[in-house]
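*Asks:* got a sequence here, can you model it:
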Amino acid sequence: MDSLSGKNILITGGCGTIGSQLVRQTLDKNPSVIRVLDIDEEGLFNLKRSIGADRSVRYLQGDVRDRDRVELAMENIDVVFHAAALKHVSLSEYNPFESIKTNVQGTQNVIRAAIENGVNSLVTISTDKSSNPISVMGATKLLGERLTIAANTYKGSQDTKFSCVRFGNVLGSSGSVIPIFKQQIQTGGPVTVTDPNMTRFVMPVRDAVKLVIQSHSRATGGEVFVLKMPTVQVKTIAEAMISHHAPKVGFDKDDISTEIVGTRPGERTHEKLISEDEVSSAYDVGDMYVILPQIDMPGYDSVTDSTGDSIQAAYTSDDPEPMSQSEFIELIQSSNV
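*Replies:* So this is what the prediction gives:
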């Protein structure tokens with residue numbers, strides 16, 4: 001039987017790119033109830049329209065900053081996927097405390113409600129920005145990870161398993177470069193590139209969420225699961241989008257120019273999914289890596305087995321061979337973005 005079959009599931013941030021895909025994929029697992037908690041009223045309305053009249057899905061308007069609302073949403077829940085977050089790097093640099101209130105205090109509200117309601121499992125969705133962070137967003141997401149992992153040590157008599165999943169950029173998500181590049185191409189350009197040599201981890205949302213659900217099934221509590229992802233240079237994304245999208249909107253690819261605008265506040269040239277400081281606790285477990293708890297957790301039951309090999313170096317976006325333009329075009333075509 002699937003680990004989500006017959007379960008009551010709460011998805012915070014359920015109207016976002018990751019959250020809405022979690023709703024769709026968990027529906028396929030035959031849960032008893034899915035509660036979608038999101039602050040976005042229009043997003044909830046649109047998600048309900050797209051999902052259709054499925055009586056197992058409940059749409060709850062609310063903010064993870066509101067502890068009382070989170071506690072009500074958590075009642076009788078078995079599994080939590082915590083995807084609610086403020087995620088835009090440059091905006092967080094100018095609004096740091098807003099990020100703290102959502103990504104740190106909001107996460108703690110979710111953790112506390114999970115403990116008080118005896119939830120079986122909580123998975124916090126994290127980001128490559130949290131690994132050795134240089135941005136406000138990354139720092140707050142790292143704190144969210146640490147809060148989640150530490151909850152395993154003070155949950156008392158509850159059997160709740162707290163774990164995290166960390167991954168890079170999801171193709172076509174709100175605020176990402178693909179929708180921006182599309183809009184710029186539709187108006188004749190130029191396509192604005194921060195740094196042509198910048199590299200990023202990328203993955204279709206369906207694949208990322210599939211691995212998130214797998215991580216939930218594998219977790220024993222205390223792990224940070226790291227998805228293995230292909231990488232691409234930003235200049236390749238721009239060139240591929242121009243080649244692929246310009247003819248669709250009446251332009252020749254040679255009509256669209258690019259403009260180098262420089263990195264934005266909080267950005268770095270290459271991302272990390274596993275930092276140098278985490279290597280000693282990280283293992284390769286097949287389709288993903290796992291970072292084991294770096295704090296003392298008596299009775300911890302490791303998810304690694306005899307096939308889990310320790311890794312030897314940090315996992316960064318400039319390390320794997322980046323995708324070519326044709327490979328990236330194939331990826332976006334298969335992802336319908």
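*Asks:* so how far is stretch 310-319 off the chain centroid?
*Replies:* Between the centre of stretch 310-319 and the centre of its chain there are 19 Å (Cα atoms, centre = their mean, to the nearest Å).
*Asks:* count the residues that sit near the closest residue in space to V234 that isn't next to it in sequence.
*Replies:* Taking Cβ to Cβ, 6 or more residues apart in numbering, and ignoring the residues beside it in sequence, V234 has M198 as its nearest neighbour in space, at 4.3 Å. All C-beta atoms are positioned from the backbone trio N, CA, C, and that covers glycine. Per other Cβ atoms under 10 Å, the neighbour tally for M198 reads 20.
*Asks:* now do M198, the pLDDT please.
*Replies:* Each residue has a pLDDT score; the one for M198 is 95.
*Asks:* my read: it touches T231, true?
*Replies:* No - under the criterion of Cβ atoms under 8 Å, M198 is not in contact with T231, lying 10.7 Å apart.
*Asks:* distance check, M323 against M229.
*Replies:* 11 Å (Cβ to Cβ, to the nearest Å).
*Asks:* need the overlap of contacts for these two.
*Replies:* Residues touching both M323 and M229 comprise V202, with contact defined as Cβ atoms under 8 Å, 6 or more residues apart in numbering.
*Asks:* which ones are touching the residue nearest to V234?
*Replies:* Under the criterion of Cβ under 8 Å, 6+ apart, the contact partners of M198 comprise Q233, V234, T263, E267, T269, H270.
*Asks:* could you give the bridge partners of the last one?
*Replies:* Note on H270: beta-bridge partners T199, judged by DSSP bridges.
*Asks:* which residues touch it?
*Replies:* For H270, the set of contacting residues under the criterion of Cβ under 8 Å, 6+ apart consists of M198, T199, T316, S317, D318.
*Asks:* just the buried residues out of those, in ChimeraX syntax.
*Replies:* Per 16 or more other Cβ atoms under 10 Å, the buried members of those correspond to this ChimeraX selection:
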select :198,199,316,317
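*Asks:* can you add distance to E276 and give the contacts of H270 back as CSV?
*Replies:* Below are these laid out as CSV (distance: Cβ to Cβ, whole Å):
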residue, distance to E276
M198, 20
T199, 17
T316, 9
S317, 15
D318, 14
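*Asks:* the contacts of H270: which two are farthest apart?
*Replies:* The widest separation within these, taken as Cβ to Cβ, falls between M198 and T316 and amounts to 12.3 Å.
*Asks:* so how far is K155 from the residue nearest to N30 when sequence neighbours are not counted?
*Replies:* Of all residues not flanking N30 in the chain, S5 sits nearest, at 4.7 Å (Cβ to Cβ, 6+ apart). Shown here: S5 relative to K155, a distance of 25 Å by Cβ to Cβ.
*Asks:* these two: which has the busier surroundings?
*Replies:* Neighbours of S5 and K155, each counted by other Cβ under 10 Å, are more numerous for K155; the result is 18 against 10.
*Asks:* ok, that one touching I115?
*Replies:* Yes - under the criterion of Cβ under 8 Å, K155 is in contact with I115, at a separation of 5.1 Å.
*Asks:* neighbours around the closest residue to K29 other than its chain neighbours, how many?
*Replies:* Distances taken as Cβ to Cβ, 6+ apart put L4 closest to K29, at 3.8 Å, once the chain neighbours are dropped. Burial of L4 is recorded as 24 neighbouring residues (other Cβ under 10 Å).
*Asks:* can you give me the end-to-end span of stretch 74-90?
*Replies:* Across its full length, stretch 74-90 reaches 32 Å between end residues, using Cα to Cα, to the nearest Å.
*Asks:* one more: stretch 308-325?
*Replies:* With Cα to Cα as the measure, the first residue of stretch 308-325 is 33 Å from its last.
*Asks:* contacts for that stretch next, please.
*Replies:* Among residues not part of stretch 308-325, those counted as contacts by Cβ under 8 Å, 6+ apart are 128, 168, 199-202, 226, 230-233, 236, 239-240, 243, 269-276, 278-280, 282-285, 289-290, 331.
*Asks:* what subset of the residues you listed is buried?
*Replies:* Buried members of the contacts of stretch 308-325, counted by 16+ other Cβ under 10 Å: 128, 168, 199-202, 226, 230-233, 236, 239-240, 271-275, 278, 282-285, 289-290, 331.
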